[in-house]
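Undergrad: quick check, what structure comes out for this input:
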Amino acid sequence: MEEKDFAGIVNEAIDAKASELSKTIESKSKETSDSVEALKTELKSAKEAVQKQGEEITKLKETRVSVNQKLNPVETVLKENKDRIESWKASKSGSVELELKAGVTIDAAQIGDDDRASVSTIPGIGQLPVRRPFMQDLFNVQNVNSEYIQYWDQVTVNRDAQNTIRCAPITTTTTIDWGRQSCQIKKVKDYITICEDMLDDYAFVSGEVNNLITSSVELKKDNDLLLGDGTGNVIKGLAASAATFNAATVGADYSAAVDTPSLYDLIYVVGAQISAAGLENKWFANFALVNPKDATLMRLSKDADKNYLAPPFVSNGFDVVNGIVIIENPLVPENQMYVGDFRQGTVYRRKNPVIEMSFENRENFEDELVTVKAYERMALVIRNVDANAFIHVADIAAALTAITKP
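TA: Predicted structure coming up:
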């Protein structure tokens, strides 16, 4: 039904009917007054019927408009705000706010199974767990501009001062020998190749890829700083430089000397050995690296009466043992421990961490690929003369047995 002026339609119908009845009245004007009154009554009824029909048509129009709004509310609002939208487009700035009228609804059946019709996006990308890199933070860090690090160490020193009086001669065996040491800067590197379209289509991909590569390099570097054996292209880490725990021969002899020792006691003993090896003057242990499981069991240890052990030399919530801070990390193997004066080691970096992107690696140009690469050049130097500033406990259980008093 086309939209028209329904009030006009009603008036036209009334006028037509009135004109018809008027002509009838005139043709029968000579009839009795009773007949005239009957015709007037008929005219009144006709007017009421036509008016009622007009009201029904108006209701039909309103119902049609309501249905159109429900089926396409956005289109309706756009039409109603056409002038505002055109003005906003002409200004090329700012924004225009359109509001759906109250009572306008969209039937869920119109949406179907498309869950994108109503979405709230949580910002950020969920990250899988990864251990915390920590080794570099324990050492001194120094930047260098060369591939090799060289240094001189005393190899042997013999001090043989003699007592004498006046100008009497003495015979002395005081001697000193030196040795030159060299350490090569090693490189830790990783890369990933991805489709160029991924960078264009998804805003988060670039950040995710950069994070992946940098974290991969950082974790490998962290691993080598602790466990690297120094062979080939591998960094020489702490494990390759530290002395191996021996209850009797490193620093001072603590074999069979401690009554019912716990891991707290063992940390204390190893720290004391380091101080003794440095003649109580050069080295003082400041960190103990342990696996989280061993640290947990240490804190949960109890005496024979099931009371928690709280040694008097432990502080800061059982995290500091006689000044030695306990560092927990899953990189440290279970049942092993490293204790040392970490001020005696230095990480030398040839460059800060580098990230590079290339479109010209192998078939990249042909296949629209991008290669993202990250690398870092570095070395850990623990001088030969400072090797005993670090002690590796290769078997905690065996070490506890070794220091246990019979």
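Undergrad: what's the spacing between the nearest residue to Y338 once chain neighbours are set aside and S241?
TA: Counting by C-beta to C-beta, 6 or more residues apart in numbering, Y338 lies nearest to L289, which is 4.3 Å off, once chain neighbours are set aside. For every residue, glycine as well, the C-beta is placed using N, CA and C. Distance from L289 to S241, counting by C-beta to C-beta, to the nearest Å: 14 Å.
Undergrad: quick one, which of these two is more surrounded?
TA: L289 (25 against 22; other C-beta atoms under 10 Å).
Undergrad: that one should be in a strand, yeah?
TA: Yes: the secondary structure assignment for L289 places it in a strand, going by DSSP: H, G, I helix; E, B strand; the rest coil.
Undergrad: T231: what secondary structure?
TA: With three-state DSSP as the basis, T231 sits in coil.
Undergrad: what stretches of the stretch 201-350 of the chain score poorly on pLDDT?
TA: Under the criterion of pLDDT under 70, the regions of the stretch 201-350 of the chain flagged as low confidence span 202.
Undergrad: how much space between L369 and T193?
TA: For L369, the distance to T193 under the criterion C-beta to C-beta works out to 5 Å.
Undergrad: do the same with A49
TA: A49 is 83 Å from T193, by C-beta to C-beta.
Undergrad: now the strands for the stretch 51-200 of the chain?
TA: Along the stretch 51-200 of the chain, the stretches classed as strands by DSSP state E, counting those that start in this stretch are 140-143, 148-158, 175-184, 186-195.
Undergrad: format the ones you listed as CSV; extra columns: mean pLDDT, mean neighbour count and distance to P333.
TA: As requested, the strands of the stretch 51-200 of the chain are arranged in CSV below (pLDDT from 0 to 100; neighbours: other C-beta atoms under 10 Å; distance: least, C-beta to C-beta, whole Å):
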stretch, mean pLDDT, mean neighbour count, distance to P333
strand 140-143, 94, 12, 25
strand 148-158, 89, 12, 28
strand 175-184, 90, 11, 25
strand 186-195, 86, 17, 21
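Undergrad: for S301, which of the ones you listed is the nearest?
TA: Of all these, the one in closest proximity to S301, counting by C-beta to C-beta, is strand 140-143 (34.3 Å).
Undergrad: which residues touch the closest one?
TA: When contacts are defined by C-beta atoms under 8 Å, 6 or more residues apart in numbering, strand 140-143 is touched by residues 343, 345-352.
Undergrad: before we move on, the earlier item: residues in contact with the residue nearest to Y338?
TA: Contacts for L289 were tallied using C-beta under 8 Å, 6+ apart; they are 226, 327, 329, 332, 337-339.
Undergrad: cool, F134 as well?
TA: Contacts were defined as C-beta under 8 Å, 6+ apart; by that measure F134 touches 222, 327, 329, 331.
Undergrad: show me which pair in these is furthest apart.
TA: Farthest apart among the contacts of F134 - using C-beta to C-beta - are D222 and I327, which lie 12.4 Å from each other.
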